[in-house]
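Novice: Below are the sequence and a predicted model for it; my questions follow.
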Amino acid sequence: MLDRKTLVLNRSWMPVTTTTVRRAVVLMARGVAGAVHPGTFEVAQWETWIERGPDDVGRLRGIGFDFPVPEVIVLTTYNGCPDLPVAFTRRNVYRRDSHECMYCGRSPGNGRLTIDHVQPRSRGGETSWLNCVTACVSCNARKADHTLEAIGMRLRREPVVPRWPGGLDPRSLRERPVWHRFIPAKALSATLGDKTA
Ligand SMILES: [Zn+2]
């Protein structure tokens, strides 16, 4: 339970990251965050939360303690919006490209997608956000070691370094519908538009 995730909002109620329940409890105990009731949006500081927190959420129980799990916390002073980098992974490249082949536009499913180096590795192309795109198996095979100009293929979109709410990976977002009301609709659909589980 302590390793479950808690959604962290900044002072303006913008989601900034997720943390563990353990860390959320520490932040609350230090007085730098309050727990948000996900149904009523009421904010409770540490003592109020442990004494009179809601009884319709999960509870943390141990020797000498028993209190509601903070599902969402709001920081009392921090108002930044950290631009947390999105990890460069195969899965995140697919997500950025909406699981579509950047050459033919088809979505054959992750098992039939590959990562293509726009500037081929054999010609010094880097493995980076700006040089890697999602490609279906057949487009990748057709392009092979050619440059786009040489083979006459075109990208449907220029690759970019993606930005989406830091730390909000689709899986935890899907598992925690209670968070959805705290996340801007656009970010929510962008993240959950992901077709992988
Ligand atoms: Zn294709």
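Specialist: Noted; the coordinates are in hand.

Novice: ok, Trp46 - how many residues close by?
Specialist: 20 (other Cβ atoms under 10 Å). (C-beta placed from N, C-alpha, C; glycine too.)

Novice: From Gly124, how far out is the residue lying farthest from the centre of the chain?
Specialist: Distance from the centre of the chain peaks at Ala150, with 36.9 Å (Cα atoms, centre = their mean). When distance is defined by Cβ to Cβ, to the nearest Å, Ala150 is 15 Å away from Gly124.

Novice: Could you do His37 as well?
Specialist: 55 Å.

Novice: Of these two, which one has the most company?
Specialist: The neighbour comparison of His37 against Gly124 (other Cβ under 10 Å) goes to His37, with 18 against 9.

Novice: Run through the residues that contact the more buried one.
Specialist: 43-44, 53-54, 57 (Cβ atoms under 8 Å, 6 or more residues apart in numbering).

Novice: hey, where'd the helices end up in this protein?
Specialist: With DSSP state H as the criterion, the chain has helices at 21-29, 46-52, 90-96, 137-143, 148-151, 170-175, 185-192.

Novice: With respect to Thr77, which of these lies nearest?
Specialist: helix 21-29 (11.1 Å; Cβ to Cβ).

Novice: what's near enough to touch the residue lying closest to Phe88 once chain neighbours are set aside?
Specialist: What sits nearest to Phe88 in space, not counting adjacent residues and going by Cβ to Cβ, 6 or more residues apart in numbering, is Trp129, at 6.0 Å. If a contact means Cβ under 8 Å, 6+ apart, then Trp129 has 88, 93, 96, 159-162 as its contacts.

Novice: could you redo those as JSON lines and give each row pLDDT, neighbour count and distance to Cys104?
Specialist: Putting those into JSON lines (pLDDT from 0 to 100; neighbours: other Cβ atoms under 10 Å; distance: Cβ to Cβ, whole Å) gives the following:
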{"residue": "Phe88", "pLDDT": "85", "neighbour count": "14", "distance to Cys104": "24"}
{"residue": "Val93", "pLDDT": "93", "neighbour count": "22", "distance to Cys104": "17"}
{"residue": "Arg96", "pLDDT": "88", "neighbour count": "23", "distance to Cys104": "17"}
{"residue": "Pro159", "pLDDT": "94", "neighbour count": "18", "distance to Cys104": "16"}
{"residue": "Val160", "pLDDT": "90", "neighbour count": "9", "distance to Cys104": "20"}
{"residue": "Val161", "pLDDT": "86", "neighbour count": "11", "distance to Cys104": "24"}
{"residue": "Pro162", "pLDDT": "80", "neighbour count": "15", "distance to Cys104": "21"}
